[in-house]
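J.: pasted the sequence and its predicted model underneath.
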Amino acid sequence: MSIVGIVIAVVFFTVGVIGTVLPALPGATLIWLGMLVYGLFVKFQNLPWTFYVAQGLAVVLIFLLDYLAGIWGTRRYGGSREAVLGSILGGLLGVLLLGPFGLIFGPFIGAVGGEMYRRSSLDRAFQVGFGTLIGFLGGTVLKLLVEVIMIVWFFMTIV
């Protein structure tokens with residue numbers, strides 16, 4: 001066991017979890033990289049390649065949750081195809097124009113815009129936008145849960 005490796009891994013884990021809540025950082029990727037850095041310090045003695053593959057699959061799951069949660073929320077609250085496309089476009093443009101806050105508000109604005117394009121009522125459009133936010137927040141909770149499982153699994157494996 002390498003104390004320096006653990007400290008560096010914990011820094012990566014902390015920044016990764018913060019990155020899940022503040023979307024400017026790739027949270028799950030940083031957590032996985034923290035495990036890899038630890039592995040380099042201990043020459044991969046107690047972490048087999050299957051561990052890294054499984055953790056990599058957890059990272060893929062987190063990316064899927066991130067993508068699908070907003071779509072689920074939009075659809076669950078009655079959003080149209082245009083609202084789903086608007087939320088995706090809003091997420092992409094939101095990050096470019098508003099930074100980290102754009103990842104939260106961009107999909108909302110995009111979903112509302114998509115419903116308005118479809119000529120839905122303003123109330124319906126805001127309901128769909130709200131659903132998009134619910135999906136985003138629910139996805140964030142699920143991502144945090146998977147990340148906690150990843151980190152706990154790491155510590156259970158190295159002990």
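T.: Looks like it came in fine.
J.: from here on, contacts and neighbour counts on C-alpha atoms
T.: Fine.
J.: for this protein, what are the low-confidence residue spans?
T.: For the chain, the stretches flagged by pLDDT under 70 are 23-24.
J.: quick check: the gap between the residue nearest the centre of the chain and residue 17.
T.: Geometric centre of the chain, nearest residue: residue 66, 4.4 Å, by C-alpha atoms, centre = their mean. Going from residue 66 to residue 17 by C-alpha to C-alpha, to the nearest Å gives 14 Å.
J.: which SSE is the spatially closest residue to residue 124 that is not a sequence neighbour in?
T.: Among residues not flanking residue 124 along the chain, residue 115 sits closest, at 7.7 Å (C-alpha to C-alpha, 6 or more residues apart in numbering). Residue 115 is part of helix 100-117 when elements are defined by DSSP states H and E.
J.: what's the neighbour count on the residue lying closest to residue 22 once chain neighbours are set aside?
T.: Spatial nearest neighbour of residue 22, chain neighbours left out: residue 100 (6.6 Å); criterion: C-alpha to C-alpha, 6+ apart. For residue 100, the count of nearby residues is 18 (other C-alpha atoms under 10 Å).
J.: so residue 84 touches residue 74, yeah?
T.: Yes - in terms of C-alpha atoms under 8 Å, residue 84 counts as a neighbour of residue 74; the distance is 6.3 Å.
J.: more crowded one of the two?
T.: Set side by side, residue 84 and residue 74 show more neighbours around residue 74, with 31 against 26, by other C-alpha under 10 Å.
J.: which SSE is the more buried one in?
T.: helix 49-76.
J.: tell me the angle that helix makes with helix 100-117.
T.: Here the directions of helix 49-76 and helix 100-117 differ by 40 degrees (axes from the mean of the first three to the mean of the last three C-alpha atoms, to 10 degrees).
J.: if we can go back for a sec, which other helices and strands contact the helix holding residue 115?
T.: If you count contacts as 3 or more C-alpha pairs under 8 Å, 6 or more residues apart in numbering; DSSP states H and E, helix 100-117 packs onto helix 81-98, helix 122-158.
J.: now do 10 Å
T.: On a contact count with 3 or more C-alpha pairs under 10 Å, 6 or more residues apart in numbering; DSSP states H and E, helix 100-117 meets helix 49-76, helix 81-98, helix 122-158.
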